[in-house]
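Asker: A structural model of the following input is requested.
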Amino acid sequence: MNILLLEAGGSHIECMYSLIHILHKNNEHVFVACNKKLVHLLKEPSKLAGVLELPDDISKKQHFLLSLKIRKYIRQQKIDAMIINTTELLFIKNLLFLLPKLNYTGIIHSAKQLERSFTFTKLISRKVRKFFVLGDYLLSELNPHPVFRVASFYPVYFPEVNACLVKKDVNEIWITIPGKAEQNRKDYLGLMQAIERNELDPAIKFIFLGENKLSQAMIAQLSDSDKLKQHVITFDNYIDYDEFHSYIQQSDYILPLLKTSNDDFFGNNRISGSFNLGLGYKLPFLLPESYNINIDLKPYSIYYSDLNDLLYQIQHLQTDQRNVLKIKHEFDSGRFKKVDDVLQDAYTFILS
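Answerer: Residues are numbered from 1 along each chain as shown. From the prediction side, this is the model:
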């Protein structure tokens, strides 16, 4: 079967890695249509039968001609099925009017749209009737429109990094916060203040694993404080795939650093990309207590009441390893033991 994976929003490359991998493993011919800036991130080109480059920023004026281009590509490559990697885009709504009848599957990153969005229930549903949401927890919180079939999808496969590009001291403990360092979504300021207040083993390192986009005042604080310089690693520039995953591979814990007040962004509607990384690399999560309702993460998480409690627990994790060993056992014996088994369910749903 010829299957086209479409990404027109310039993001969510992590979903593409998992889909390309499992489709290729099942001997399907995989084609990708994606924004130009994502092409170099397709790390396993040998698994692809073809790539169609799209503009990085698709304006409304481009919708019609670009839709015709994609339709032509579908016909030329005799595409049987199509997976839309970010279905929420306005471009996708307009595109679907011009595309032929295929076996469509959409990925929804804002799950509640399947309950109440006119765009989905009346327009997109004319072509797309089945969707993925990113995990069982989101699925359990969803009451989708009766016209849709919905399943969970865990994008937990990441192409291997051949060599570690960074060196970790044997005694260091890496607590990694993946993603661009921006205060609006994650509580970097609160963490920095907590580090200043608490005594920590010098071997404990917090890695802000993304380009530093914090305020000038916070950057100055990081630069001026000897204590923060001892415990915090930051990056001034974009981190490429190999370096990013070299850090993740050697991390001891994943810290999503989610805010806990006035913030339901990662509650019943969306997930943090940190979740996929932790599950894929089988790393313990450090999460606020309010997230213990998330059934996907509960077996793999250590919870904290506030950031002072987080630092207290980190300071004592190495002397009391019971929770960590329990989490490792859950990974070794639970559903995420074999990534391919997790993704095979998604493959079956795509073909249905």
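
Asker: surely residue 297 touches residue 286?
Answerer: No - in terms of Cβ atoms under 8 Å, residue 297 does not count as a neighbour of residue 286; the distance is 10.8 Å. No exception for glycine: its C-beta is placed from N, CA and C like everyone else's.

Asker: tell me where the stretch 151-300 of the chain has helices.
Answerer: 188-197, 216-224, 226-231, 241-250, 273-281 (DSSP state H, counting those that start in this stretch).

Asker: where does the stretch 151-300 of the chain dip in pLDDT?
Answerer: When the per-residue scores of the stretch 151-300 of the chain are filtered using pLDDT under 70, the ranges that remain are 163, 260-268.

Asker: ok, back up a step: quick one: which of the helices of the stretch 151-300 of the chain is nearest residue 39?
Answerer: helix 241-250 (12.7 Å; Cβ to Cβ).

Asker: mind checking how far that closest one is from the chain centre?
Answerer: Centroid displacement of helix 241-250 relative to its chain, using Cα atoms, centre = their mean, to the nearest Å, is 15 Å.

Asker: before we move on, what about stretch 292-311?
Answerer: Distance of stretch 292-311 from its chain centroid, counting by Cα atoms, centre = their mean, is 19 Å.

Asker: please apply the same query to stretch 18-25.
Answerer: The mean C-alpha position of stretch 18-25 is separated from the chain mean by 16 Å, Cα atoms, centre = their mean.

Asker: in three-state terms, label residue 6 for me.
Answerer: Reduced to three states with DSSP: H, G, I helix; E, B strand; the rest coil, the structure at residue 6 is strand.

Asker: that one touches residue 79, doesn't it?
Answerer: No - judged on Cβ under 8 Å, residue 6 makes no contact with residue 79 at a distance of 10.1 Å.

Asker: ok, the two, which is more surrounded?
Answerer: residue 6 (28 against 23; other Cβ atoms under 10 Å).

Asker: who does that one bridge with?
Answerer: In this entry, residue 6 is beta-bridged to residue 33, residue 84, by DSSP bridges.

Asker: distance of it from residue 224?
Answerer: When Cβ to Cβ, to the nearest Å is the yardstick, residue 6 and residue 224 sit 47 Å from each other.

Asker: between the helices of the stretch 151-300 of the chain, which one is closest to residue 209.
Answerer: helix 241-250 (5.5 Å).

Asker: buried residues in that closest one?
Answerer: 242, 243, 244, 245, 246, 247, 248, 250 (16 or more other Cβ atoms under 10 Å).

Asker: and the residue lying closest to residue 202 once chain neighbours are set aside, how far from residue 26?
Answerer: Ranked by Cβ to Cβ, 6 or more residues apart in numbering and with sequence neighbours excluded, the top spatial neighbour of residue 202 is residue 230, at 6.0 Å. Taking Cβ to Cβ as the measure, residue 230 and residue 26 are separated by 49 Å.

Asker: of those two, who's got more company?
Answerer: More neighbours sit around residue 26 than around the other of residue 230 and residue 26, counting by other Cβ under 10 Å; the figures are 17 against 13.

Asker: what's around residue 97, how many residues?
Answerer: For residue 97, the count of nearby residues is 12 (other Cβ under 10 Å).

Asker: which residues are in contact with it?
Answerer: Applying Cβ atoms under 8 Å, 6 or more residues apart in numbering to residue 97 gives the contacts residue 67.

Asker: local confidence estimate at it?
Answerer: Here, the pLDDT recorded for residue 97 equals 93.

Asker: right, and residue 253 touches residue 287 too?
Answerer: No - using Cβ under 8 Å, residue 253 is not in contact with residue 287; the gap is 10.3 Å.

Asker: those two: who's more crowded?
Answerer: The neighbour comparison of residue 253 against residue 287 (other Cβ under 10 Å) goes to residue 287, with 27 against 20.

Asker: give the closest residue to that one in space, chain neighbours not counted.
Answerer: Counting by Cβ to Cβ, 6+ apart, residue 301 is the residue found nearest to residue 287 once chain neighbours are left out, at 4.8 Å.
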